[in-house]
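[1] I need the structure of the sequence given here:
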Amino acid sequence: MNTHWKRCIAGATRWQRPCACQARIPQPSLDELHAFGSAIVATLAQLSHLSSVVADQVGRFDEQELERATISDHPADELRIAGAHLARLGDELAAAVTDATRYWTAMESVDLHTSGDLRARPELEP
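    Residues are numbered from 1 along each chain as shown. Predicted coordinates for the structure are as follows:
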């Protein structure tokens, strides 16, 4: 059995600690805001890609095989509904990537037009 999906799911939880740490910072540096923009763009782009891949796989799922394994009513209908939701999620994530990229670009402009003393801040104790 393939277990690569377990690593994918474990990777999804890796944002918990950075989010909690960032939430405790009252005034982040411009470098932090820019760096998080980059990370958000990359993460959303990968989620968008993953949702597209899985939506395609759901759409190609063998409904006859599914019907043979059926133990309740209409799993093929539910599979089509799940695929539609995932396709819509892919569209929403693509829009989110666009917004995140615009944020990142705007932060880069802020960084270019400000003095260096706002770019970094002293490290806080953990």
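
[2] show me where pLDDT drops low in the chain?
    Low-confidence segments of the chain, defined by pLDDT under 70: 1-2, 5, 69-72, 115-126.

[3] What segments of this protein are helices?
    Here the chain has its helices, by DSSP state H, at 4-12, 16-23, 30-59, 63-68, 75-112.

[4] and those, which is most packed in?
    Highest mean neighbour count among the helices of the chain (mean count of other C-beta atoms under 10 Å): helix 30-59, with a mean of 16. Placement of C-beta: from N, CA and C, glycine included.

[5] got the angle between that helix and helix 4-12?
    Relative orientation of helix 30-59 with respect to helix 4-12: 150 degrees, computed using axes from the mean of the first three to the mean of the last three C-alpha atoms, to 10 degrees.

[6] Report all helices and strands that helix 30-59 contacts.
    Under the contact definition 3 or more C-beta pairs under 8 Å, 6 or more residues apart in numbering; DSSP states H and E, helix 30-59 sits against helix 75-112.

[7] what residue is smack in the middle of the protein?
    Leu44 (3.6 Å; C-alpha atoms, centre = their mean).

[8] Quick check: the gap between the residue of the chain most remote from its centre and Arg14.
    Distance from the C-alpha centroid of the chain, by C-alpha atoms, centre = their mean, peaks at Arg68 (34.6 Å). Arg68 sits at a distance of 38 Å from Arg14 (criterion: C-beta to C-beta, to the nearest Å).

[9] Same question for Ala39.
    11 Å.

[10] what about Val41, distance to Ile81?
    Here Val41 is placed at a distance of 30 Å from Ile81 (C-beta to C-beta).

[11] I'd say the residue nearest to the centre of the chain and Ala100 touch.
    Yes. Look at Leu44 against Ala100 with C-beta atoms under 8 Å: they come within range, at 5.4 Å.

[12] check contacts around the nearest residue to Gly37 once chain neighbours are set aside.
    Spatial nearest neighbour of Gly37, excluding adjacent residues (C-beta to C-beta, 6 or more residues apart in numbering): Trp104 at 3.5 Å. Neighbouring residues of Trp104 by C-beta atoms under 8 Å, 6 or more residues apart in numbering: His34, Gly37, Ser38, Ile40, Val41.
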